[in-house]
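Undergrad: The following block contains a protein sequence and its predicted model.
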Amino acid sequence: MEPLDGAHSVEQSARLIRHYRYATERMMRMMGGWLALTPEVSAKLLMGRHVWDNAQHADILGRRLPELRAHAQESEPANDAFRAFMDALESPETPERTVERLVGIYRVLKPHLLADYERHVAGANAVYEPPTRRILARCAEDERRHIAAGERVLAHLTAAPAARARAEAWQARLEALLGEAGGVTGQGLPDASERAVSPEGVAEAEEFIRLETRPARWPMPDDLRLEVAAMGDALVAGDRAAVRRWLAAEVPEGEAGDAALAAARFTAHAVVAVARIGQQLLVKLRLDGPALSATLAARWARGPEGWRVHALDVARVEAVRSA
């Protein structure tokens, strides 16, 4: 006969769920806040996909609490040290620190939560704790997929030795803080040994990376490719009169380039995006120079005189940061 005394009393189980919910709810909120300041498409899509899952985790954990004679949807850190760990986790809030943000979530917090969920499920009483076991098993399944996807995107973003060194240093700092707090429950860190990698998570990340990675050759007709390259050469040469040759008659003279571009010096150009809009092709051309980078969006259409630009806009102008 299954004993009624498990590893956790009703009160203990409710307290642990409040601790899990604190970490999950706060992680969900910080990931949502990071989306606007994360420039890398793969990382943005990764967090955007997973923030919804973690919102669901926070909700089902909160709805379990009244069944354990506790207030619904309450969150509580185990101690001040764990709150300080979460503060540190949230601190990389500038665009260039995407690697640190992903390391904190996918190499430190999520693996720790997964290990704690597994420890709790293993010790929970099978007679009166089935709902808690099912909830944590669902959360654990999602976290395995998240961790695999996060690791794949991190591998993509830390290909350079300097980025890997940053990732390792930040991970070590956060793990030390997590250890000082005794983990999410304050009861010490469970074993976070190697686990099987989720193929679903890896496939999810591969799709995010594919969307971020520029193809070696953008799809467009060969004759248009030649015209775009020639126009790019004229822009780099600063020959605004020559650029006029590719503009359709209805395009105002001023759209050949604004004052900022006219004064800039460029040394190279590259196509960075191509999209079909009805019968036209939108081609984004980036101009790079020692002080300025500019992206032009041109709508090309084929007519009796060949390919011509029927709309030309300056999509972005950025100062080049000095090393």
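TA: The structure has been received and is ready for your questions.

Undergrad: When you work out contacts or count neighbours from here on, use the C-alpha atoms and nothing else.
TA: Fine.

Undergrad: Quick one: the helices in the stretch 151-300 of the chain, in order.
TA: 161-181, 199-212, 222-237, 240-243, 259-263 (DSSP state H, counting those that start in this stretch).

Undergrad: Could you dump these into TSV and include mean neighbour count and distance to residue 39?
TA: Below are the helices of the stretch 151-300 of the chain laid out as TSV (neighbours: other CA atoms under 10 Å; distance: least, CA to CA, whole Å):
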stretch	mean neighbour count	distance to residue 39
helix 161-181	16	16
helix 199-212	17	10
helix 222-237	16	26
helix 240-243	15	31
helix 259-263	12	24
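
Undergrad: of all those helices, which lies closest to residue 45?
TA: Closest to residue 45 of these is helix 199-212 (CA to CA; 6.4 Å).

Undergrad: which helices and strands does the closest one pack with?
TA: On a contact count with 3 or more CA pairs under 8 Å, 6 or more residues apart in numbering; DSSP states H and E, helix 199-212 meets helix 41-64, helix 130-157.

Undergrad: How about the most centrally placed residue in the chain, nearest residue that isn't a chain neighbour?
TA: Centroid check for the chain by CA atoms, centre = their mean gives residue 43 as the closest residue, at 2.1 Å. Leaving aside its chain neighbours, residue 43 sits nearest to residue 153 (6.8 Å; criterion: CA to CA, 6 or more residues apart in numbering).

Undergrad: what's the domain layout of this structure?
TA: What the record gives for the chain is the domain set 10-212, 222-319, from automatic domain parsing.

Undergrad: Which pLDDT does the model give the closest residue to residue 232 other than its chain neighbours?
TA: In this structure, residue 232 finds its nearest non-sequential neighbour in residue 269, 5.9 Å apart by CA to CA, 6+ apart. If you check residue 269, the pLDDT there is 85.

Undergrad: Show me what counts as buried in stretch 151-164.
TA: 151-154, 157, 163-164 (16 or more other CA atoms under 10 Å).

Undergrad: For stretch 170-187, C-alpha coordinates in PDB please.
TA: What follows is stretch 170-187, C-alpha atoms only, in PDB (Å, rounded to 0.1, in the frame of the first residue of the first chain):
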ATOM      1  CA  TRP A 170      28.800  35.100 -17.400                       C
ATOM      2  CA  GLN A 171      27.700  31.500 -16.800                       C
ATOM      3  CA  ALA A 172      30.300  31.100 -14.000                       C
ATOM      4  CA  ARG A 173      29.100  34.300 -12.300                       C
ATOM      5  CA  LEU A 174      25.500  33.300 -12.400                       C
ATOM      6  CA  GLU A 175      26.100  29.800 -11.200                       C
ATOM      7  CA  ALA A 176      28.000  31.100  -8.200                       C
ATOM      8  CA  LEU A 177      25.100  33.300  -7.300                       C
ATOM      9  CA  LEU A 178      22.600  30.500  -7.800                       C
ATOM     10  CA  GLY A 179      24.700  28.200  -5.500                       C
ATOM     11  CA  GLU A 180      24.800  30.900  -2.800                       C
ATOM     12  CA  ALA A 181      21.000  31.100  -2.900                       C
ATOM     13  CA  GLY A 182      20.600  27.300  -2.600                       C
ATOM     14  CA  GLY A 183      18.700  27.300  -5.900                       C
ATOM     15  CA  VAL A 184      15.100  28.200  -6.600                       C
ATOM     16  CA  THR A 185      13.900  26.400  -3.500                       C
ATOM     17  CA  GLY A 186      16.700  27.500  -1.200                       C
ATOM     18  CA  GLN A 187      17.300  23.800  -0.400                       C
END
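
Undergrad: Which residues outside that stretch are in contact with it?
TA: By CA atoms under 8 Å, 6 or more residues apart in numbering, the surrounding residues in contact with stretch 170-187 are 16, 19-20, 23, 77-82, 84-85, 88-89, 100, 103-104, 107-108, 112-113, 188-189.

Undergrad: I'd like to know the average pLDDT value across that stretch.
TA: 97.

Undergrad: Let me know the helix or strand that the closest residue in space to residue 62 that isn't next to it in sequence is in.
TA: Residue nearest to residue 62 in three dimensions, not counting chain neighbours: residue 73, with 3.8 Å by CA to CA, 6+ apart. Under the criterion DSSP states H and E, no helix or strand holds residue 73.

Undergrad: Give the full set of residues in contact with residue 73.
TA: Residue 73 touches 58-59, 61-63, 65, counting by CA under 8 Å, 6+ apart.

Undergrad: related to what we said a few turns ago, I'd like the helices and strands packed on helix 199-212 written out as a markdown table, with mean pLDDT and distance to residue 312 added.
TA: A markdown table is the format used below for the helices and strands packed on helix 199-212 (pLDDT from 0 to 100; distance: least, CA to CA, whole Å):
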| stretch | mean pLDDT | distance to residue 312 |
| --- | --- | --- |
| helix 41-64 | 95 | 25 |
| helix 130-157 | 96 | 33 |
